[in-house]
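Novice: Below is the sequence, then the predicted model.
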Amino acid sequence: MSLAGRRLKLRPLVDGDAPALFEAIAASKLSLRRRFRWVEAVHAESDAAAFIRSSAEAAERGATFVFGAFETKNDKLVGIVAFDPVMSHAQRAQLALWIRTGEEDKGYAVEAGRLAVDYGFRKLALHRLSARIDPTNRAARKVLQKIGFHYEGCLRQDKRLNSRWIDQECWGQLKSEWKPQPAARSRK
């Protein structure tokens, strides 16, 4: 299964993606470690492979869905999009995404985000999507606004990261606010 946009396709990661995922994380480590705890635990390609396997297992349970964002022209991995966690009983999920260093400012985050939102509301039948970001991450705020999310508030000192407490902005989108993207195509 993959989701096709104009320049990107989203698809679940497979074992063969481990080298590209590890390389993308290594290239992006400085920016990723400011936002995510898990980055420091990735030391080798085998760590990327273990993540891919655990993501596939979580997808089978319907708990998490992780997609690689690949350029359609050359199949280069440019980022990751995830619904983590998915709470099917409550029809909601949290959206997370990152674009690798060197591929930012090309509109990939917006395109991947729109494809993911469409998938969440169409295929997962969600009622609500949420996202949490560091208030200093202006680029993420712009992406969320462009894909239809609304600012909902700030959780002060909500997350411990790199030995300090950081605030988290809360953003959300309801299915009733969603504007479907006609360009999004799902392929088996």
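Specialist: Noted; the coordinates are in hand.

Novice: just so I have it, where are all the helices in this protein?
Specialist: Using DSSP state H, the helices of the chain run over residues 18-32, 45-61, 108-122, 138-146.

Novice: Helix 18-32 and the longest one, what's the angle between them?
Specialist: Between helix 45-61 and helix 18-32, the angle formed by their directions is 100 degrees, by axes from the mean of the first three to the mean of the last three CA atoms, to 10 degrees.

Novice: Do you have the strands of this protein handy? List them.
Specialist: 2-4, 8-12, 65-71, 77-87, 92-99, 128-133, 150-161, 164-174, 185-187 (DSSP state E).

Novice: can you give me how far the third one is from the chain middle?
Specialist: This points to strand 65-71. Distance of strand 65-71 from the chain centroid (CA atoms, centre = their mean, to the nearest Å) equals 8 Å.

Novice: Contacts for that strand next, please.
Specialist: Residues outside strand 65-71 that contact it (CB atoms under 8 Å, 6 or more residues apart in numbering): 3, 7-13, 17, 20-21, 55, 58-59, 76-84, 86, 97, 99, 108, 112, 116, 119, 124. Heads up, the C-betas are built off the backbone N, CA and C, glycines and all.

Novice: for stretch 90-101, which positions count as buried?
Specialist: By neighbour count on 16 or more other CB atoms under 10 Å, the buried set for stretch 90-101 is 92-100.

Novice: so what's the residue lying closest to Tyr151 once chain neighbours are set aside bridging to?
Specialist: Leaving out its chain neighbours, the residue that sits closest to Tyr151 by CB to CB, 6 or more residues apart in numbering is Trp171, at 5.9 Å. Beta bridges link Trp171 to Ala131, Tyr151, judged by DSSP bridges.
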